[in-house]
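>>> Quick check, what structure comes out for this input:
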Amino acid sequence: MKYLVVIFIVIANLSCAQNKKPLMGDTEFQRELNSEFKDASKSPLKKKDLKNFEGLDFFKFDSTYVVKAQVELRSNSEWFKMQTTTSRLSNKRVFAVLHFKLKGRSFSLNVYQDQDLMVKEGLEDYLFLPFLDETNGVSSYGGGRYIDLEIPDGHSITIDFNTAYNPYCAYNERYSCPIVPRNNYLNLEVKAGVKAFVK
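Numbering: from 1, shown residues only. Have a look, this model is predicted:
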């Protein structure tokens with residue numbers, strides 16, 4: 001009888017493993033983001049969208065969108081109120097200007113520090129890189145996208161545009177999302193990262 005129980009458990013486990021779909025995504029970033037969105041306790045998706053969710057749509061990974069940037073620190077920059085999609089204002093300051101080349105052209109983007117996050121455990125080194133580009137409103141979210149970075153040890157930092165993601169308000173208007181400053185605009189198509197969400 002004991003052996004029959006063991007056999008039943010093994011068969012049941014194999015059956016569950018076969019029915020469980022693997023997480024979609026070609027990279028670790030894509031799989032982790034899809035996992036977060038599929039988890040009802042973390043997902044920004046509305047219930048009706050979560051019900052049918054099978055995975056976010058990504059541009060294909062492209063190593064040419066992984067660039068090394070020179071960090072020009074702005075140590076004396078003042079805190080300011082960054083506008084959001086709601087009446088909430090977000091306390092930010094320009095931590096540095098990042099200078100880099102992408103597709104053979106030179107660009108600069110401001111990277112921001114958040115006054116509220118920098119005092120939270122585990123987020124002391126967090127940097128916020130929002131940007132706009134020529135895909136916005138076409139193949140990517142119209143309001144621009146974000147990249148998460150950390151304060152580097154030296155004077156250079158790697159920007160991986162393949163990890164660009166949409167603000168939560170792209171999925172659900174109840175969220176309050178920082179509006180990308182206009183000066184963080186790249187006048188080229190950044191075909192990397194998360195695409196626009198089709199509801």
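>>> Next SSE downstream of the lowest-mean-pLDDT helix or strand in the chain?
Lowest on mean pLDDT, DSSP states H and E among the helices and strands of the chain sits helix 2-19, with a mean of 41. Proceeding N to C from helix 2-19, the next assigned helix or strand is helix 28-38, under DSSP states H and E.
>>> Just the buried residues of that following helix, please?
29-30, 33-34, 37-38 (16 or more other CB atoms under 10 Å). Using the backbone N, CA and C atoms, a C-beta is placed for each residue, glycine as well.
>>> of these, closest to residue 110?
Checking the buried residues of helix 28-38 against residue 110 by CB to CB gives residue 29 as the nearest, at 22.9 Å.
>>> which non-adjacent residue is nearest the closest one?
Residue nearest to residue 29 in three dimensions, not counting chain neighbours: residue 163, with 5.0 Å by CB to CB, 6 or more residues apart in numbering.
>>> Could you check how many residues crowd around that neighbour?
For residue 163, the neighbour count with other CB atoms under 10 Å is 24.
>>> Contacts only, for it.
29, 147-148, 193 (CB atoms under 8 Å, 6 or more residues apart in numbering).
>>> Can you flag which of the residues you listed belong to strands?
147-148 (DSSP state E).
>>> For ChimeraX, what selects the buried ones among the contacts of residue 163?
Listed next is the ChimeraX selection for buried residues among those, using 16+ other CB under 10 Å:
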select :29,147,193
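>>> Can I get the contacts of residue 163 in CSV including distance to residue 74 and pLDDT?
Shown next, in CSV, are the contacts of residue 163 (distance: CB to CB, whole Å; pLDDT from 0 to 100):
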residue, distance to residue 74, pLDDT
29, 28, 97
147, 18, 98
148, 19, 98
193, 25, 98
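>>> so residue 82 is in which element?
Per DSSP H and E: strand 80-83 holds residue 82.
>>> Check which strands are paired with that strand and give the direction for each one.
Strand 80-83 has its sheet partners listed here by DSSP bridges as strand 89-102 (antiparallel).
>>> mind listing what's buried in the strand it pairs with?
90, 92-98, 100, 102.
>>> now do stretch 129-137
For stretch 129-137, by 16+ other CB under 10 Å, it's 129-133, 135-136.
>>> For these, which two are the farthest from each other?
Maximum distance among the buried residues of stretch 129-137 (CB to CB): 16.3 Å, for 129 and 135.
>>> Identify the residues contacting the helix or strand hosting residue 112?
Residue 112 is located in strand 105-114, with elements delineated by DSSP H and E. Residues from elsewhere that reach strand 105-114, judged by CB under 8 Å, 6+ apart: 69, 82, 90-101, 126-131, 149, 181, 183-184, 186, 188.
>>> just stretch 192-199 next, same as before
33, 49, 56-59, 61-62, 65, 138-142, 145, 147, 161-166, 170-171.
>>> Fine, thanks again, bye for now.
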